[in-house]
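**Student:** Test case, fold it:
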Amino acid sequence: MCVSGRDSTMRFGILGTADIARGSTIPAIVDSEHEVAAVASRDGAKAQSFIDDLGLDADAYEGYEALFDADIDAVYNPLPNGLHAEWTEKAADAGLHVLCEKPLTVDADEAERVFEHCADAGVTVMEAFMYQFHPATARIREIVAEELSTVRNVSSAFTFSLDDPEDIRVNPDLGGGSLMDVGCYPLSGIRGILGEPERVHANALDTMDSGVDTEMSAQLEYEDATGQVWFGFDTPHRQHLRVDAENGYLEAENVYNPGTDNVELTYSADGGRTTEVVDGADSYRLEVEAFAEAAESGAEPPISEAETLANMRAIDALYESAAQNEPVALD
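**Tutor:** Presented below is the predicted three-dimensional model:
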C-alpha cells in the first residue's frame, strides 16, 4: 500500500522539539522503514539545531502551522497535553494522519470531538501509548488469562521525582498533573486486565502548590475484584504491577517504560513459581510501524478510539472523585 503515491515509506513531520521526540520517537522512526522529513518549532533556528543535533535529513519550519506545507504524510504531535487537540485537528484539516502523544486530549469530551474531526477529514489518528506495544504487556495479559484463575486484585504504581516548578508537567494551563503524565499508565494497565471499573475513589495532593495533582492514589471498584493505582512526582522512580488471583499471583517491575531492557515477570499458579524474562524491544518503533500500517490500510489502529475514550473516561472519573472527595460511578 502506497503513501501519497510513493512506496510504503511514511514521511513524518514533527510538531515541536520535545524531549520524547528527540530521545524516543524520532530514533524509532529512523530505525523503521519510515522517515522524519520535517520539524517545526516556534523558533525556526531551534528546529534547525534540533535537526542538526540528530543528524536528520529534514527541513526546518518556523511555526507549527508551517509544518503543514511540508512534503509529509503524517504528523507526530508531542506538544503539551493542553495543545494536543488543537494541533491534531489542524493537522487533520491539512489531510495529514496524526500520531499524538498520550493522553490524546485533556478529557473524554474533547477526545470524542477530535476523533469525529479526524474521521470527517478522512485521516487516521492514534494515541501514542507505547507501552501497549512492548511484548511484556501482551505476555502479562496472556499469563493472567491462561495461568491465573479468578483475579481478585490488581495494583499498580508509576512514580518519579520531579522538583522543577517550571516543568510543563505541573502547568495547569497545559494539561499538567501526575495523572495525565504517569498515572494514565497504571490506570490503563489495570483496565487491560480487569476491564472498566464500576466506580473509582481517588485522593490527590498538590505538594508543589502548582494547581495540578502531583500525587494521587485511587481505588477502582469492580463487581468481583478491586484495583489500586498510585502515581506521582514526589517519590523515586518505580513502575510496578501486581495481580492477585485465587490460585496465585503475577508481579513485575519496569512495566510501563522499560526502554529496550528485558522485563522480568514472576508468577505463581497453583503452588508453582516461575520467573520469566521477556526480551526487550523498542516499543516506540513498534508503535510507529503499527500506526503507519493502520494509516496506509485504513484499518482501525491498535490503540483504538474505544480504548482511548475508555481510559480518558476513567481519568475524568478520577479527577471528579478527587475533587469531590467521594466515589464516582462510571457509566
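
**Student:** centroid residue for this protein?
**Tutor:** In the chain, the residue lying closest to the centroid (C-alpha atoms, centre = their mean) is Phe129, at 2.9 Å.

**Student:** what's the spacing between that residue and Ser283?
**Tutor:** Look at Phe129 and Ser283: by C-beta to C-beta, to the nearest Å, they are 10 Å apart. Using the backbone N, CA and C atoms, a C-beta is placed for each residue, glycine as well.

**Student:** Mind naming the longest helix for this structure?
**Tutor:** Assignment by DSSP state H gives helix 305-324 as the longest helix of the chain.

**Student:** Report the mean confidence score over the helix or strand following it.
**Tutor:** Following helix 305-324 in sequence order, the next helix or strand is strand 328-329 (DSSP states H and E). Mean per-residue pLDDT for strand 328-329: 98.

**Student:** The longest helix of the chain - contacts with which helices or strands?
**Tutor:** helix 108-121, helix 184-194, strand 199-205, strand 215-221, strand 328-329 (3 or more C-beta pairs under 8 Å, 6 or more residues apart in numbering; DSSP states H and E).

**Student:** Pick the most deeply packed of the ones you listed.
**Tutor:** Of all the helices and strands packed on helix 305-324, helix 184-194 has the most neighbours on average by mean count of other C-beta atoms under 10 Å, namely a mean of 23.

**Student:** mean confidence for that helix?
**Tutor:** pLDDT averaged over helix 184-194 gives 98.

**Student:** same deal with stretch 245-257?
**Tutor:** Mean pLDDT, stretch 245-257: 97.

**Student:** Stretch 70-87 now?
**Tutor:** Mean pLDDT, computed over stretch 70-87, is 98.

**Student:** quick one: buried residues of that stretch?
**Tutor:** By 16 or more other C-beta atoms under 10 Å, the buried positions in stretch 70-87 come out as 70, 72-85, 87.

**Student:** Now it - C-alpha only, PDB.
**Tutor:** The C-alpha coordinates for stretch 70-87 follow below in PDB (Å, rounded to 0.1, in the frame of the first residue of the first chain):
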ATOM      1  CA  ALA A  70       5.900  20.300   4.100                       C
ATOM      2  CA  ASP A  71       6.000  17.200   1.800                       C
ATOM      3  CA  ILE A  72       4.800  14.800   4.600                       C
ATOM      4  CA  ASP A  73       2.200  12.100   5.100                       C
ATOM      5  CA  ALA A  74       1.700  12.300   8.900                       C
ATOM      6  CA  VAL A  75       2.400  14.400  11.900                       C
ATOM      7  CA  TYR A  76       3.800  13.300  15.300                       C
ATOM      8  CA  ASN A  77       2.300  15.500  18.000                       C
ATOM      9  CA  PRO A  78       4.300  15.500  21.300                       C
ATOM     10  CA  LEU A  79       3.200  19.000  22.300                       C
ATOM     11  CA  PRO A  80       2.000  19.700  25.900                       C
ATOM     12  CA  ASN A  81      -1.300  17.900  26.700                       C
ATOM     13  CA  GLY A  82      -3.300  21.100  26.500                       C
ATOM     14  CA  LEU A  83      -2.300  21.600  22.900                       C
ATOM     15  CA  HIS A  84      -2.900  18.100  21.600                       C
ATOM     16  CA  ALA A  85      -6.500  18.600  20.400                       C
ATOM     17  CA  GLU A  86      -5.900  21.900  18.600                       C
ATOM     18  CA  TRP A  87      -2.900  20.800  16.600                       C
END
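
**Student:** I am finished for the moment; much appreciated.
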